[in-house]
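Chemist: Provide a 3D model corresponding to the input given below.
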Amino acid sequence: MPDTVIDSWSSMVFLKFNGAKFSATDYPVLAKVFPALALPDARGDFIRIWDDGRGIDVGRTLLSGQSHTIMDHAHNMELWTGDGLAAGSAREGVNPGILATYGDGGIVKTDEPGLKVPSSLRALSSRSVKRYGEISGHVGTETRPRNIAFNFLVRAK
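Modeler: Prediction:
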């Protein structure tokens, strides 16, 4: 720490939490806190102050890491025919069948042979984020970045 910031800190030594190993001979007190003689690697992680029994982040231990998650939620999509039906499309009041998209950029199609999709549509649906398996491992009860639990201390002396 540069002594130009706070003069009383000039004799203190500060180390980065970058996964580096350190010597127990040089830092005996630090070795008691980190007996593996390596600091945690917190580079690129958000710091989340340790819950310490508050009940918001239950079950966390000091310096434990968490992966990112997105809170489970749903989006709505409505679908119905509008007034501006083009020539050759389903007649107003006639069910155009089951309307669906097939992963081709959102083009709406019908499964009913001989029917055409109305030119003016509005969709109503709801789908949970958890439905999609490729992200199920990162769906949780909260939205959070990857983080590490730190203890928040104030130097008293």
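Chemist: domain ranges for the protein?
Modeler: Structurally, the chain divides into domains by automatic domain parsing as follows: 1-43, 71-134.
Chemist: which stretch in the ones you listed has the least confidence?
Modeler: For those, the weakest mean pLDDT is recorded on domain 71-134, namely a mean of 52.
Chemist: gap between the two ends of stretch 53-62?
Modeler: Start to finish, the residues bounding stretch 53-62 are 11 Å apart (CA to CA, to the nearest Å).
Chemist: same question for stretch 64-71.
Modeler: For stretch 64-71, the end-to-end distance is 20 Å (CA to CA).
Chemist: start at 686 instead
Modeler: Taking 686 as the first residue, the last one we looked at is stretch 749-756.
Chemist: and it, what's buried?
Modeler: Neighbour-count burial for stretch 749-756, with 16 or more other CB atoms under 10 Å as criterion, is recorded at 751, 754. No exception for glycine: its C-beta is placed from N, CA and C like everyone else's.
Chemist: and if you look at stretch 719-738?
Modeler: Buried, per 16+ other CB under 10 Å, within stretch 719-738: 724-725, 727, 730, 733, 735.
Chemist: name the nearest of those relative to Gly750.
Modeler: Of all the buried residues of stretch 719-738, Asp730 has the smallest distance to Gly750: 7.0 Å, by CB to CB.
Chemist: what's near enough to touch that closest one?
Modeler: Taking CB atoms under 8 Å, 6 or more residues apart in numbering, we find Asp730 in contact with 750, 830-833.
Chemist: what's the ChimeraX line that selects buried ones from the residues you listed?
Modeler: Buried residues within the contacts of Asp730, by 16+ other CB under 10 Å, are selected in ChimeraX with:
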select :832,833
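Chemist: among the contacts of Asp730, which are in strands?
Modeler: Counting by DSSP state E, the part of the contacts of Asp730 found in strands is 750, 832-833.
Chemist: nearest to Val718, of those?
Modeler: Nearest to Val718 among the ones in strands among the contacts of Asp730, with distances taken as CB to CB, is Ile833, at 14.8 Å.
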